[in-house]
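J.: A predicted structure for the sequence below; I have some questions about it.
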Amino acid sequence: MLPYNIDHVAIAVHNIDAALADLHEQYGAEPVSRETVESQGVEEAMIAIGGSSLQLLQPLTAESPVGRFLSKRGEGLHHVAFAVPDIDAALEHLAGTGTRLVDRAPRIGGGGHRIAFVHPSAFGGTLVELVEGAT
């Protein structure tokens with residue numbers, strides 16, 4: 001189970017509009033998509049950078065996972081997402097190695113992609129997201 005690309009790097013922010021304005025002013029970057037993902041409790045914006053993306057995440061509530069992250073750690077790196085060709089096989093492989101998973105089965109994330117999260121304790125304290133068939 002090898003990831004074939006870094007799909008995106010996600011940054012948690014308090015105010016997505018202010019973060020997008022900063023990215024535009026500093027780098028000339030514009031979002032290629034923006035959506036509310038109720039099931040994840042976030043508003044997200046994707047900014048294409050080379051063959052990958054930068055994802056900005058603003059929580060919909062303070063009790064959402066990203067809201068709790070911001071209250072504990074403040075703004076910054078939330079997770080790294082790897083593109084995988086077959087998320088079911090990837091999860092089966094990881095479970096077989098004893099890797100601690102947040103999601104044992106895929107769910108639908110932004111852009112309608114099948115996603116799953118791997119617990120931060122499995123890889124250097126970094127939350128990893130698996131994204132099927134993206135980029």
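T.: Sure, I can see it.
J.: Show me the helices in this protein, by range?
T.: Per DSSP state H, the chain has helices spanning 16-27, 65-73, 87-96. These are given in chain order.
J.: which one of these lies closest to P3?
T.: Taking C-beta to C-beta, helix 87-96 is the member of the helices of the chain nearest to P3, at 8.1 Å. All C-beta atoms are positioned from the backbone trio N, CA, C, and that covers glycine.
J.: what helices or strands is the closest one leaning on?
T.: Using 3 or more C-beta pairs under 8 Å, 6 or more residues apart in numbering; DSSP states H and E as the contact criterion, the secondary-structure elements in contact with helix 87-96 are strand 114-118, strand 127-132.
J.: Reformat the ones you listed as JSON lines; add mean pLDDT.
T.: Shown next, in JSON lines, are the helices and strands packed on helix 87-96 (pLDDT from 0 to 100):
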{"stretch": "strand 114-118", "mean pLDDT": "97"}
{"stretch": "strand 127-132", "mean pLDDT": "96"}
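J.: can you tell me which of the ones you listed comes nearest to V66?
T.: Ranking these by their distance to V66 (criterion: C-beta to C-beta) puts strand 127-132 first, at 10.7 Å.
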